[in-house]
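Trainee: could you work out the structure for the sequence below:
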Amino acid sequence: MLQTRNFPALINNTTIDYFARWPQQALYAVAEHFISDFKLITNEFKNNIIEHMIMVHESANFYCDLYTEKMHRSAYATPKNYLDFIHTFIQLYKQKKDDLLKQAERLNVGIIRIDEASILIQEMDRKLEKQRKELAIKTQKCDDLLSEITTLTAKQTERKSRVIGLKNKKTVFILNDAQIIDENFLEYINNILSNGMITTLYNEEERDEIINEIREEAKKMFRIGSSNENIWNYFIQKCTTNLHIILCMNPNGDLLRNR
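Mentor: Modelled structure (predicted):
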């Protein structure tokens, strides 16, 4: 009281506003006013939301009375709290809906990317199937080419094995009695044995192949000139040294005796 006497303005300029609790009709009307203009909520859910807001506010009033009764301290849920509750709900609803829309947009973008990837995978599968067929054809061609190379290599090896005296290896000709009856063949053998006329064993094409094959060897071994005649003479010399001829005749046959 002493302070009020010293400061009378505290009493004179003070206005006490007393607000009674709003009835359910007033709570419904206020909530409907704000929710009806809120376009983000469909009409089928608006009534349920309004009733939920009224239930929450009345529950707050009930627990405020219970708190006052048990704790002997006052607590209030005023109409201002009810209005703040409505505005907070609207703002939170907007925020959450915006978040959901952004997530939905990201998901839609992801689905579009998945569809694009699926189309791309199908296209790649078609190309892969086409490439498999092409690969099978090319593989078959490679197999055929390898077979041809193997055949040519075998022929080349066989041709090399018939070259007398190459790489300082001794060469043996084994002749049977069926070959001996050939007059020209016997003449070749006679020339080789008596006169060393090895040149009669090779035609012109084989002669050129042999010269090209032993050209480097002839240069290294004897440092002779690079003329084909010198190289051929070197080959004939090796043949004379390394040549062996074996005549295989049928012991029961008359071919050699008849010759």
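Trainee: pretty sure residue 73 sits against residue 66.
Mentor: No: using C-beta atoms under 8 Å, residue 73 is not in contact with residue 66; the gap is 11.5 Å. For every residue, glycine as well, the C-beta is placed using N, CA and C.
Trainee: quick one, which of those two is more surrounded?
Mentor: residue 66 (11 against 7; other C-beta atoms under 10 Å).
Trainee: where's the more buried one relative to residue 60, distance?
Mentor: 11 Å (C-beta to C-beta, to the nearest Å).
Trainee: determine the set of other helices and strands touching the helix ranked longest in the chain.
Mentor: Taking DSSP state H as the criterion, the chain has its longest helix at helix 79-161. Secondary-structure packing of helix 79-161 (3 or more C-beta pairs under 8 Å, 6 or more residues apart in numbering; DSSP states H and E): helix 24-36, helix 43-71.
Trainee: so can I have TSV of those showing distance to residue 7 and mean pLDDT?
Mentor: Listed next are the helices and strands packed on helix 79-161 as TSV, based on distance: least, C-beta to C-beta, whole Å; pLDDT from 0 to 100:
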stretch	distance to residue 7	mean pLDDT
helix 24-36	38	89
helix 43-71	30	90
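Trainee: point out the most buried one among the ones you listed.
Mentor: Comparing the helices and strands packed on helix 79-161 by mean neighbour count (mean count of other C-beta atoms under 10 Å), helix 24-36 comes out on top with a mean of 15.
Trainee: angle of it against helix 43-71?
Mentor: Put simply, helix 24-36 runs at 130 degrees to helix 43-71, going by axes from the mean of the first three to the mean of the last three C-alpha atoms, to 10 degrees.
Trainee: run through who's touching helix 24-36.
Mentor: With C-beta atoms under 8 Å, 6 or more residues apart in numbering as the test, helix 24-36 has contacts from 22, 41, 46, 49-51, 53-54, 57-58, 79, 82-83, 86-87, 90.
Trainee: how about a cut-off of 6 Å?
Mentor: Helix 24-36 has contacts (C-beta atoms under 6 Å, 6 or more residues apart in numbering) with 46, 50, 53-54, 86.
Trainee: can I get it in PDB, CA atoms only?
Mentor: Output of helix 24-36 as PDB, limited to C-alpha atoms (Å, rounded to 0.1, in the frame of the first residue of the first chain):
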ATOM      1  CA  GLN A  24     -17.200 -24.200 -28.200                       C
ATOM      2  CA  GLN A  25     -19.200 -22.300 -30.700                       C
ATOM      3  CA  ALA A  26     -16.800 -19.300 -30.500                       C
ATOM      4  CA  LEU A  27     -13.800 -21.600 -30.700                       C
ATOM      5  CA  TYR A  28     -15.300 -23.400 -33.800                       C
ATOM      6  CA  ALA A  29     -16.100 -20.100 -35.500                       C
ATOM      7  CA  VAL A  30     -12.600 -18.600 -35.000                       C
ATOM      8  CA  ALA A  31     -10.800 -21.800 -36.200                       C
ATOM      9  CA  GLU A  32     -13.200 -22.100 -39.200                       C
ATOM     10  CA  HIS A  33     -12.400 -18.500 -40.100                       C
ATOM     11  CA  PHE A  34      -8.700 -19.200 -40.500                       C
ATOM     12  CA  ILE A  35      -8.900 -22.700 -41.800                       C
ATOM     13  CA  SER A  36     -11.500 -22.000 -44.500                       C
END
